[in-house]
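In: Curious how this folds, go ahead:
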Amino acid sequence: MRYGRRMTTLEQTPQHLAQVGALIRGARQHRGLTQAQLAERLSTSQSAIHRIEQGSQNISLDMLTRVSDALSADIITLGSPRHAHLRVTGGQTLSGSIRVNSSKNAAVALLCASLLNRGRTTLRDVARIVEVERILTVLRSIGVRATWSPNGHDLEIVVPDRLDLTSIDAEAARRTRSIIMFLGPLLGLQSTFDLPYAGGCDLGTRTVEPHMVALRPFGLEVTAASGFYAASVARTSGDVSVVLTERGDTVTENAIMAAARHDGVTTIRNASPNYMVQDLCFYLELLGVRIDGIGTTTLHVHGVAEIDADVEYAVSEDPVEAMSLLTAGIVTGSEITVERTPIEFMEIELTTLAEMGLRYTRSAEYVARNGRTRLVDVTVHPSELVAARGTIHPMPFPGLNIDNLPFFAVIAACATGSTLIHDWVYDGRAIHLTDLTRLGANVRLLDAHRLDVTGPTHWSGAEVSCPPALRPAVVILLAMLAAKGTSVLRNVDIIARGYEQLADRLRELGAQIETFRD
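Out: So this is what the prediction gives:
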């Protein structure tokens, strides 16, 4: 949002109004207020609040100030933005139950895939996180109508007959790696288009070449020019065989979305069968796209020429959030129950933890709202942990999840003995985990990919600047829960990229966390 010194109204663009509306809605729901209750505090009508939250009503600076006061929230800031920090009083025992939210990675893939559908897509239980809002900003900028439900959890998406790619919000697009997943659906809709360069976490060099290998069989050619990927498509027909050079999640998703509108059967080999890929396949099946081999490394996608269906799909639960919450209980020596854990994508992690001495129990399986994903409730109990016997390293599904690996660093620091952790996927992520030493851990960086972690750790509070990578940032926060005394984690905005109100949810378990700004 931009303001001049004497301006009293927002820059009145649909994009800005939608962003402000989303912020107000989130703050209202966080305070547990209905639209009617907020309207009463502001001496206005419920319908006015509804229009504001939907981004369909202009709003003055005075009204924004009143809303901020009514919700005790900084809806806007004037001048330089103030960064958020967390003050943690650690050493507290946690207790209670907490539900796993829906998957951020699945939601992003589904938002991109919704471009394929000329009907109405309604996504249930969508995570309200920064990454999702960034993709929504891009979608709205090219003409897509994306509307949150009054409860703030469901999202209705309607794609226009013709996308206005010349108006794409390049700034929002460049702030997320997920923008590269527009290539797959767009190549079936446009003969030429430009796409801003992708950004995202500072995790070292990330190449787009595997995406190019996956999409060239569909006629896509891409050149880089002036901060954009310039794409041209020479459409093909007939059966296609695609062999992925990297079993990556987003690469697989791009290939699937390209195949969905391709005239013929596409065989994708070395495909990722991970959770977000399965969610994408389940959604496309609702749209009439037949996909054989879901959950395996070989997919057969039967493309359709036109997709025009009104569908509803509930996003599956996030195994990485499940791991984050379980870790909170483990490192604090607490007994907590993590409900709605997607067990198919957590079995290796739980088996590894059991080998390290973790005691846990799990409920009988039940089915997620999407009718496909297997869920359980997992209760972790206080345990005497020992170092892992072998190296802990990630593998493509069904191996240990790449995004779950960092949590084993803080868990290993609580265990007796030395554990070798090998983060072979990312250049430069392992070094961020050495910040655990600030809190008392014995973590040695052996090289760019390997850590030696020796425990047990006598945690102590400290002030740490948030690492510029999402999962290591959360790992530091969880370690602070175990550290006696007061810790401060500075510049935590990156956590909101992948977690919805994580600090608030940890507080519900008994964590003492205070958010402040300076």
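In: which residues are in contact with stretch 273-285?
Out: Taking contacts as CB atoms under 8 Å, 6 or more residues apart in numbering, the residues outside stretch 273-285 that touch it are 103, 105-106, 108-110, 113, 116, 249, 252-253, 256-257, 260, 271, 291, 294-297, 299, 301, 311, 313, 315-316, 319, 342, 344-345, 370, 372-373, 396-398, 401. (C-beta placed from N, C-alpha, C; glycine too.)
In: Revised request: answer the last question for stretch 346-353.
Out: Contacts for stretch 346-353 (CB under 8 Å, 6+ apart): 319, 322-323, 326, 330, 343, 358, 360, 362, 378, 388, 392, 398-401, 404, 408, 411.
In: From the contacts of stretch 273-285, list just the buried residues.
Out: Neighbour-count burial (16 or more other CB atoms under 10 Å) applied to the contacts of stretch 273-285 gives 103, 105-106, 108-110, 113, 116, 249, 252-253, 256-257, 260, 271, 291, 294, 297, 299, 301, 311, 313, 315-316, 319, 342, 344-345, 370, 372-373, 396-397, 401.
In: Narrow the contacts of stretch 346-353 to just the buried residues.
Out: The buried subset of those - by 16+ other CB under 10 Å - is 319, 322-323, 326, 330, 343, 358, 360, 378, 388, 392, 400-401, 404, 408, 411.
In: from those, which ones fall inside helices?
Out: Pro319, Ala322, Met323, Leu326, Ile330, Phe408, Ile411 (DSSP state H).
In: Among the buried ones among the contacts of stretch 346-353, which pair sits farthest apart?
Out: Greatest spatial distance in the buried ones among the contacts of stretch 346-353: Ile343 and Ala388, 20.9 Å, computed using CB to CB.
In: Quick check: which ranges of the stretch 151-300 of the chain have low pLDDT?
Out: 198-207 (pLDDT under 70).
In: Do a quick rundown of the strands in the stretch 401-518 of the chain.
Out: Using DSSP state E, counting those that start in this stretch, the strands of the stretch 401-518 of the chain run over 417-422, 442-445, 450-455, 463-465, 485-490, 512-517.
In: who touches the shortest one?
Out: This means strand 463-465. By CB under 8 Å, 6+ apart, strand 463-465 touches Asp435, Arg438, Leu439, Ile476, Met480, Ser487, Val488, Leu489, Arg490, Asn491.
In: these two touch, right, the third one and Leu478?
Out: No - taking contact to mean CB atoms under 8 Å, the distance of 10.4 Å between Leu439 and Leu478 leaves them out of contact.
In: what residue is smack in the middle of the chain?
Out: By CA atoms, centre = their mean, the mean C-alpha position of the chain lies nearest to Lys104, the distance being 3.0 Å.
In: Check the secondary structure at Thr223 for me.
Out: Three-state assignment for Thr223 (DSSP: H, G, I helix; E, B strand; the rest coil): strand.
In: beta partners of it?
Out: Judged by DSSP bridges, the bridge partners of Thr223 are Ala230.
In: looking at it, it is touching Leu195, isn't it?
Out: No - taking contacts as CB under 8 Å, Thr223 lies outside contact range of Leu195: 11.4 Å.
In: what touches both of the two?
Out: Shared contacts of Thr223 and Leu195, counting by CB under 8 Å, 6+ apart, come down to Tyr229.
In: which stretches of the stretch 251-400 of the chain form helices?
Out: 275-286, 319-331, 347-355 (DSSP state H, counting those that start in this stretch).
In: Determine how far the second one lies from the middle of the whole chain.
Out: On the basis of CA atoms, centre = their mean, to the nearest Å, helix 319-331 is displaced by 15 Å from the centre of the chain it belongs to.
In: Could you tell me what pLDDT the model assigned to Ser43?
Out: Here, the pLDDT recorded for Ser43 equals 74.
In: I'd like the distance between it and Ile98.
Out: Applying CB to CB, to the nearest Å, the value for Ser43 to Ile98 is 37 Å.
In: Sketch out the low-pLDDT regions of the chain for me.
Out: Checking the chain against pLDDT under 70 turns up 1-16, 30-32, 62, 69, 72-82, 198-207.
In: helices or strands up against the longest helix that it contains?
Out: Assignment by DSSP H gives helix 14-30 as the longest helix of the chain. Other helices and strands packing on helix 14-30, by 3 or more CB pairs under 8 Å, 6 or more residues apart in numbering; DSSP states H and E, are helix 46-53, helix 61-71, helix 130-141.
In: which residues sit against the longest one?
Out: The one in question is helix 130-141. Against helix 130-141 from outside (CB under 8 Å, 6+ apart): 14-15, 18-19, 22, 104, 107-108, 111-112, 114-115, 126, 146, 155, 157, 167-169, 172-173, 175-176, 178-179, 182, 493, 496-498.
In: Now with 6 Å, please.
Out: The contact list for helix 130-141, computed with CB atoms under 6 Å, 6 or more residues apart in numbering, reads 15, 104, 107-108, 111, 146, 167-169, 172-173, 175-176, 178, 496-497.
In: Among these, name the buried ones.
Out: With burial judged by 16+ other CB under 10 Å, the buried subset of the contacts of helix 130-141 is 15, 104, 107-108, 111, 146, 168-169, 172-173, 175-176, 178, 496-497.
In: Among these, name the ones in helices.
Out: Going by DSSP H, the helices hold Gln15, Lys104, Ala107, Val108, Leu111, Ala172, Ala173 from those.
In: related to what we said a few turns ago, between Thr223 and Leu195, which has more neighbouring residues?
Out: Higher neighbour count among Thr223 and Leu195: Leu195, with 20 against 9, using other CB atoms under 10 Å.
In: contacting residues for that one?
Out: By CB under 6 Å, 6+ apart, the contact set of Leu195 is Phe182, Tyr229.
In: Next, it: secondary structure please.
Out: Applying three-state DSSP: Leu195 is strand.
In: For beta bridges, what are the partners of it?
Out: Tyr229.
In: and which of the buried ones among the contacts of stretch 346-353 is nearest Thr245?
Out: The closest of the buried ones among the contacts of stretch 346-353, once distances to Thr245 are taken by CB to CB, is Asn401, at 21.1 Å.
In: From Thr34, how far out is the closest one?
Out: Taken as CB to CB, the span from Asn401 to Thr34 is 38 Å.
In: One more: Leu287?
Out: Leu287 sits at a distance of 34 Å from Thr34 (criterion: CB to CB).
In: more crowded one of the two?
Out: Leu287 (20 against 13).
In: Quick one: residues contacting Glu455.
Out: Rather than Glu, residue 455 is Gly. Residues in contact with Gly455 (CB under 6 Å, 6+ apart) are Ala413, Cys414, Ala415.
In: For the residues you listed, please prepare a markdown table with the additional fields neighbour count and distance to Tyr366.
Out: Shown next, in a markdown table, are the contacts of Gly455 (neighbours: other CB atoms under 10 Å; distance: CB to CB, whole Å):
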| residue | neighbour count | distance to Tyr366 |
| --- | --- | --- |
| Ala413 | 27 | 34 |
| Cys414 | 23 | 31 |
| Ala415 | 24 | 32 |
